[in-house]
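1. just coords:
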């Protein structure tokens, strides 16, 4: 088996089992895409699957944040929209021959890791601990 392109690490752990499982799933999909690319295989279906999985993951996160009354929900939703838009631009560039497979893999891996570390970890205290315990009336 080829080496992993992205490696799950403790710096990505939210402590929310469902979210961590979904994040691990995203990383596994990125690794599968990278392995297929480096082996010269067609990756269009894998990329489409990654986008579907990412959309579903974002909806799940947004539901949890809404239930927890996370005060950063609106901005987090905007970051999801922006990330999906950037991903679509990168995919279009790749399929139009304007971006290399490696450039696409680098974009996807950075996007996944950066989003988890910079955005997702911010909502953890609200979702894991419940917003009621974090807010004052």
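-> That came in fine, so what should we check first? Since we're looking at a predicted model, the values are computed, not measured.
2. Please spell out which residues along stretch 25-34 are buried.
-> Across stretch 25-34, burial judged by 16 or more other C-beta atoms under 10 Å covers 26, 27, 29, 30, 31, 32, 33, 34. C-beta here means a position set from N, CA and C on the backbone, and glycine is covered the same way.
3. farthest pair in those residues?
-> Pairwise distances among the buried residues of stretch 25-34 were taken by C-beta to C-beta; the largest, 12.7 Å, belongs to 26 and 34.
4. mind listing the helices for this structure?
-> The residue ranges that make up the helices of the chain, judged by DSSP state H, are 17-38, 44-67, 73-95, 101-115, 121-129.
5. weakest of those in terms of mean pLDDT?
-> For these, mean pLDDT drops lowest on helix 101-115, to a mean of 86.
6. just to revisit the earlier point, show me which of the buried residues of stretch 25-34 is closest to residue 73.
-> Within the buried residues of stretch 25-34, distances to residue 73 taken as C-beta to C-beta reach their minimum at residue 26, with 20.5 Å.
7. could you redo the helices of the chain as TSV and give each row distance to residue 5?
-> Shown next, in TSV, are the helices of the chain (distance: least, C-beta to C-beta, whole Å):
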stretch	distance to residue 5
helix 17-38	4
helix 44-67	13
helix 73-95	16
helix 101-115	6
helix 121-129	22
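8. Would you mind saying which of the ones you listed lies nearest residue 7?
-> Ranking the helices of the chain by proximity to residue 7 (C-beta to C-beta) places helix 17-38 first, at 7.8 Å.
9. same for the closest one, what does it pack against?
-> Packed against helix 17-38 by the contact rule (3 or more C-beta pairs under 8 Å, 6 or more residues apart in numbering; DSSP states H and E) you find helix 44-67, helix 101-115.
10. Pick the most deeply packed of those.
-> Greatest average neighbour count among those goes to helix 101-115 (a mean of 17), per mean count of other C-beta atoms under 10 Å.
11. quick one, it and helix 44-67 angle?
-> Angle, helix 101-115 to helix 44-67, by axes from the mean of the first three to the mean of the last three C-alpha atoms, to 10 degrees: 10 degrees.
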